[in-house]
Structure formats: C-alpha cells, structure tokens
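Engineer: Kindly return the folded structure for what I paste below:
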Amino acid sequence: METHIKQRLAVAMLSLSAMGFSGIALHESYTEKATIPIPGDRPTVGFGSTFKEDGSPVKMTDTTTPQRAIRMSLAHIGKDELQLKRCVTGPLNQAEYDILVDFSYWRGSGGACRSEVVKSINRGDYVASCEAYLNLDSRRATGKDCKDSLNRCRGVWLRAQDRYQRCMEAQ
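Structural biologist: Now for the predicted structure:
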C-alpha cells in the first residue's frame, strides 16, 4: 500500500488554487440578476457575491456579467485570504486551505476566523477542524435548521457535509 503524505505549509505560503475557485463557482452557481438565495438572507449576484468589488453591498437591482462576477468573487476571496492569513496559525495542505477559503466565502472571513474550524486548526487538531464544518453555524441559516429540508436552505447543510467529507479526505 502506497502512503501519500500531504505536506502542510504555513498559510502565508498558500493561495486558493484554480480547483478551489472552480469549486466555489460551481457550488454558488451564476446569477446575472441579484437574488436572495435563502429567505431572509442578503442579496447575492454573480457567484454568490454579497459585496461588489468596491466593498459596497449588493442590492436587489444589481446585475452582472460572467466576467465581472469572476472579478467580484476574486476580490472577495482576496480580502478573505488576507484575513485568514492573519488568524490561522496552524499549517495546512492545499486541499485543507481551499476548503477553508470556501467556508470563509460562505461564512465571511470574520466568522471563519472566530469559528471552531480555525480554533481547531490553530491547536493542530485537524480532525476536529473537519468536524467543526458540521457545527450549528454550518447547519443554520437565518435562524433555521438547514438539515430539515422543509426550511428551504438544505443546500447550506449539504455544503457543510461536502466540506467535512473533503476535509477528512485531505487528512
């Protein structure tokens, strides 16, 4: 049996991979016109962007093109990565980092930095960091339990399960 060691590096040495960005874009799907993805949520446009490149919030009247949507997402991710590089002190491999950036894209970098995911990474407990993707923050949206399909936010729970699974595979 061949063992494959997944090298962990200081977060400062990592950046979101093309595969990681593709995963975010595919999960978020593209919308030309601003929409509210989950009742009670903020308006999003493009690939789930809640903010424009200049930092102003998306309004329901906003529209975009695929090219601009990519720029908006990359601007959002760039800001998230700067914040993550300040708060994550534990080393990660590329797959773990891509998953964390995906989580931050959904949760916001401040929320990600305060999360049990980051706390577990910083103490070197990588299995616990994977398990933390399934915690209540990842299960709830606008006060609803997204594990319950009747609450119209099931995608939030399914995405948390996907993050957990990919994280465990990255160990």
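Engineer: ok, longest helix in this structure?
Structural biologist: Criterion DSSP state H: the longest helix present in the chain is helix 66-87.
Engineer: Which parts of this protein are strands?
Structural biologist: 31-35, 44-46, 140-141, 144-145 (DSSP state E).
Engineer: In CSV: the ones you listed, plus mean pLDDT, distance to residue 117 and mean neighbour count.
Structural biologist: Where you see a C-beta, it was placed from the backbone N, CA and C, and this is true even at glycine. Formatted as CSV, the strands of the chain follow (pLDDT from 0 to 100; distance: least, CB to CB, whole Å; neighbours: other CB atoms under 10 Å):
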stretch, mean pLDDT, distance to residue 117, mean neighbour count
strand 31-35, 97, 27, 15
strand 44-46, 96, 22, 24
strand 140-141, 71, 15, 20
strand 144-145, 83, 20, 16
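Engineer: can I get those in TSV with distance to residue 21?
Structural biologist: Shown next, in TSV, are the strands of the chain (distance: least, CB to CB, whole Å):
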stretch	distance to residue 21
strand 31-35	17
strand 44-46	13
strand 140-141	23
strand 144-145	29
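Engineer: about what we covered before: can you give me the buried ones in the longest helix of the chain?
Structural biologist: Buried residues in helix 66-87, counting neighbours by 16 or more other CB atoms under 10 Å, are found at 69-73, 75-77, 80-81, 84-85, 87.
Engineer: Just name whatever secondary elements it is in contact with.
Structural biologist: Packing contacts for helix 66-87, counted by 3 or more CB pairs under 8 Å, 6 or more residues apart in numbering; DSSP states H and E, involve helix 18-28, strand 44-46, helix 94-107, helix 109-114.
Engineer: now do 7 Å
Structural biologist: Judged by 3 or more CB pairs under 7 Å, 6 or more residues apart in numbering; DSSP states H and E, the packing partners of helix 66-87 are strand 44-46, helix 94-107, helix 109-114.
Engineer: Report the angle between it and strand 31-35.
Structural biologist: Computed with axes from the mean of the first three to the mean of the last three CA atoms, to 10 degrees, the direction of helix 66-87 lies at 60 degrees from that of strand 31-35.
Engineer: Tell me how far helix 66-87 lies from the chain's centre.
Structural biologist: 11 Å (CA atoms, centre = their mean, to the nearest Å).
Engineer: could you give me the average pLDDT of it?
Structural biologist: What helix 66-87 shows for mean pLDDT is 95.
Engineer: Now it - C-alpha only, PDB.
Structural biologist: Provided in PDB are the C-alpha atoms of helix 66-87 (Å, rounded to 0.1, in the frame of the first residue of the first chain):
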ATOM      1  CA  PRO A  66     -19.800  36.400 -16.000                       C
ATOM      2  CA  GLN A  67     -16.500  38.300 -16.400                       C
ATOM      3  CA  ARG A  68     -17.500  40.900 -13.700                       C
ATOM      4  CA  ALA A  69     -18.800  38.100 -11.500                       C
ATOM      5  CA  ILE A  70     -15.400  36.400 -11.600                       C
ATOM      6  CA  ARG A  71     -13.700  39.700 -10.700                       C
ATOM      7  CA  MET A  72     -16.200  40.300  -7.800                       C
ATOM      8  CA  SER A  73     -15.500  36.700  -6.500                       C
ATOM      9  CA  LEU A  74     -11.800  37.100  -6.700                       C
ATOM     10  CA  ALA A  75     -11.900  40.500  -4.900                       C
ATOM     11  CA  HIS A  76     -14.000  38.900  -2.200                       C
ATOM     12  CA  ILE A  77     -11.700  35.900  -1.900                       C
ATOM     13  CA  GLY A  78      -8.600  38.100  -1.900                       C
ATOM     14  CA  LYS A  79      -9.900  40.000   1.100                       C
ATOM     15  CA  ASP A  80     -10.900  36.800   2.900                       C
ATOM     16  CA  GLU A  81      -7.400  35.300   2.300                       C
ATOM     17  CA  LEU A  82      -5.700  38.300   3.800                       C
ATOM     18  CA  GLN A  83      -7.800  37.900   6.900                       C
ATOM     19  CA  LEU A  84      -7.300  34.200   7.100                       C
ATOM     20  CA  LYS A  85      -3.600  34.600   6.900                       C
ATOM     21  CA  ARG A  86      -3.800  36.800  10.000                       C
ATOM     22  CA  CYS A  87      -5.900  34.500  12.100                       C
END
